[in-house]
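Peer 1: Provided below are the primary sequence and the corresponding predicted coordinates.
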Amino acid sequence: MDPLVSIIVPCYNQSQYLTEALDSIYNQTFTNWECLIIDDGSTDNTAEVAKCFVDKDSRFAYFFKENGGVSSTRNLGLENANGQYIQFLDCDDVLDSRKLELSIKELELNKKIQIVISNFRMFTNDVKASSPPFCILDPVYFNLDGFLYEWNISFSLQMQCGFFDALLFKNIRFPDNLSAQEDWVVWVSLFKTGCKAAFIDQPLAYYRINPNSRMSTLGIDDNKVKVLKSFKSILTNDEYYKFTFTLISRIYQSNEEVKKRLKEVRSSNAYQTGLMIKKILKKMGLLNVSRSFFKIILRFKNK
């Protein structure tokens, strides 16, 4: 008998995309799955969309919870999952119809593998008009050091690119204290167990470029600092010291680069010319009048 795959779909006020995401599950070539739709307190018609699928196919199940963030939402899915394998899918993204089938085949080829990572592509409205991924995935990074030191430098990875042995999540959960980078902590936690990963260099997951997604609106850099607390409970003292030193060095280097660019802007001819005009207008008592004039021009330009 085929193993059961639990597909966990966290949802929050993205009902306009949910049908496409759930259709991509419904159309999987591997059919022994359950889909856990976890509604994180949505105020739109997410429940209506989800229940249409529940009524259509008993493999779909709908859960509602008070809003608590994507980590608690995925964790509720893990607590209710019955499958031998776990597949995540954000509610505005899409899976290739062969995602489950090819992932299971890869695991059957090598019994030492507990994670299968596939490539991905990006899209805005039409999956058929997708674009190349924002980073090049290289299996050389699919280990503890790779996820610790190359994450957000050489690559980053959406959870739906992975396909997981459910046993890995027996003692691993998404950190509730993070509003971003929570997937980073989980990837590190998984590879800290010593598990091995296989790579399918095919786009089996599709990531939507969504201006309203949490990744486009949250302060990710702030979460890079908060993530230190989560890693402290995962890593050894030596690993944590090395990681902390590396992360602080990156932040310092990033700040230095910003200062350098700002200095270059301030020394440019355009900036100096603008500064000179500002001084002249101020001396003539026309600075406030000029500001009002430019505001009017910008208002007309934006119409």
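Peer 2: All right, it came through fine. Numbering: from 1, shown residues only.
Peer 1: grab the nearest non-local neighbour of Val227.
Peer 2: Gln181 (5.1 Å; Cβ to Cβ, 6 or more residues apart in numbering). Using the backbone N, CA and C atoms, a C-beta is placed for each residue, glycine as well.
Peer 1: how many neighbours does that neighbour have?
Peer 2: Neighbour count for Gln181, taken as other Cβ atoms under 10 Å: 23.
Peer 1: same question, the one 4 residues further on
Peer 2: Here the count is done by other Cβ under 10 Å, and Val185 has 25 residues near it.
Peer 1: mind telling me what element it is part of?
Peer 2: helix 182-192 (DSSP states H and E).
Peer 1: now do Ile37
Peer 2: strand 33-40.
Peer 1: please apply the same query to Leu102.
Peer 2: helix 99-109.
Peer 1: who are the packing partners of the very next helix or strand once past that helix?
Peer 2: Moving toward the C-terminus from helix 99-109, the next helix or strand (DSSP H and E) is strand 113-123. Judged by 3 or more Cβ pairs under 8 Å, 6 or more residues apart in numbering; DSSP states H and E, the packing partners of strand 113-123 are helix 99-109, strand 162-165, strand 196-208.
Peer 1: out of the ones you listed, deepest packed?
Peer 2: Each of these was scored by mean neighbour count; the highest is strand 162-165, a mean of 24, by mean count of other Cβ atoms under 10 Å.
Peer 1: pairing partners for that strand, with directions?
Peer 2: Taking DSSP bridges as the criterion, strand 162-165 sits next to strand 85-88 (antiparallel), strand 113-123 (antiparallel) in its sheet.
Peer 1: other SSEs contacting the helix holding Leu102?
Peer 2: Against helix 99-109 (3+ Cβ pairs under 8 Å, 6+ apart) you get strand 85-88, strand 113-123, strand 162-165, strand 196-208.
Peer 1: just to revisit the earlier point, and of the helices and strands packed on strand 113-123, who's closest to Gln87?
Peer 2: Closest approach to Gln87 among the helices and strands packed on strand 113-123 (Cβ to Cβ): strand 162-165, 5.6 Å.
Peer 1: quick one: mean pLDDT for that closest one?
Peer 2: Average pLDDT, strand 162-165: 98.
Peer 1: need the winner for burial among the strands paired with strand 162-165.
Peer 2: By mean count of other Cβ under 10 Å, those have strand 85-88 as the most buried, with a mean of 24.
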